[in-house]
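Student: Okay, here's the prediction I keep looking at, along with the sequence it came from:
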Amino acid sequence: MNARRPTPVLSAPTPVGRAGVLRSPRAQVPTPAPDAAPPRRPVPVRPAPLKQPAPALVRSVRPPIPGLVFPIPIRAVVQVGTRTDREPCKNDPLCEPPWHESSVPLYALPDGTPTELRVGDSFLGEDHRGKWECAWSNCDGRHLYVIIPCDGILHTWDVSGKAGNCTLKDEREHRCWVHHGSAEAGNLHVDKAASNPSKTGGPGSTCRAGAGSIGVGDFHGFVHGGKLVKA
Ligand SMILES: [Zn+2]
Ligand SMILES: [Zn+2]
Ligand SMILES: [Zn+2]
């Protein structure tokens, strides 16, 4: 299976007050929050490499994703295990054994009904609990994920991860995105409203990177009030 993982290029998020302005996805210019540092040119950066390969959270999808109408309600799903897919080897000479196996995560609704991942789904992943370090020194291993569209396929946004344009590169206790509410309650909301106002890091604080949006490939949007909206 060709699990195409798009290269995440996290653009500077847009302040809440400017939401609704559709930017050209290839020419995004960050607008700093009122209290932010002076404007500077965005330098797209790749997220810091994990010490182990990221879990196979992105599934290849038949492009294009049909009929996306925004805003899209955030739907709670849960990971319920994995399925092993086996494809015949097409190499010459054939590998031994002559097949390739891949592990495909399976998802269900909170009531247990199996479902396919779709744009707007959100779940808690526990993939790296106890296995390897992430960007944070105070992470319990559980990350919040939201499925967004990216260049025609599903992309798993690691809301608990580190933004490519984080302004506190070496600080390991803040969070670049702050989330409130929950997908289950229908009020998941992601912004920069941190409980700790420190601008230099620490538990409960956030950095100056944007205003809580996500920009990957051709998508730039927010999770606001239980819905995935375009920026
Ligand atoms: Zn092979
Ligand atoms: Zn973590
Ligand atoms: Zn940050």
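Tutor: Thanks, I have it. Ligands and ions are numbered 1, 2, ... in the order given.
Student: What separation is there between the residue nearest to the spatial centre of the chain and ligand 3?
Tutor: Among the residues of the chain, Trp157 comes closest to the average C-alpha position under CA atoms, centre = their mean, at 1.0 Å. Separation of Trp157 from ligand 3 (CB to the ion, to the nearest Å) stands at 15 Å. For the C-beta atoms, the positions are set from N, CA and C on the backbone; glycine is no exception.
Student: got the residues of this structure near ligand 1?
Tutor: Within the chain, the positions near ligand 1 by CB under 5 Å from the ion are 89, 91, 95.
Student: quick one: contacts for the first one?
Tutor: This means Cys89. By CB atoms under 8 Å, 6 or more residues apart in numbering, the contact list for Cys89 reads 95, 98-100.
Student: and the two most separated of those residues?
Tutor: By the measure CB to CB, Pro98 and His100 form the most distant pair in these, at 9.0 Å.
Student: Just say helix, strand or coil for the closest residue in space to Cys176 that isn't next to it in sequence.
Tutor: Beyond its immediate neighbours in the sequence, the residue positioned closest to Cys176 (CB to CB, 6 or more residues apart in numbering) is Ala163, lying 3.8 Å away. Classification of Ala163 using DSSP: H, G, I helix; E, B strand; the rest coil returns coil.
Student: so Ala163 makes contact with Val178?
Tutor: No: taking contacts as CB atoms under 8 Å, Ala163 lies outside contact range of Val178: 11.6 Å.
Student: Comparing the two, which shows the higher neighbour count?
Tutor: Shown here are Ala163 and Val178; by other CB atoms under 10 Å, Ala163 has more neighbours (27 against 19).
Student: Between Pro98 and His100, which has more neighbouring residues?
Tutor: Per other CB under 10 Å, whichever of Pro98 and His100 has more neighbours is His100, with 14 against 11.
Student: Could you pick out the residues of this protein near ligand 3 for me?
Tutor: Residues of the chain lying close to ligand 3 (CB under 5 Å from the ion) are 166, 176, 207.
Student: I'm done for today, thanks for sticking with me.
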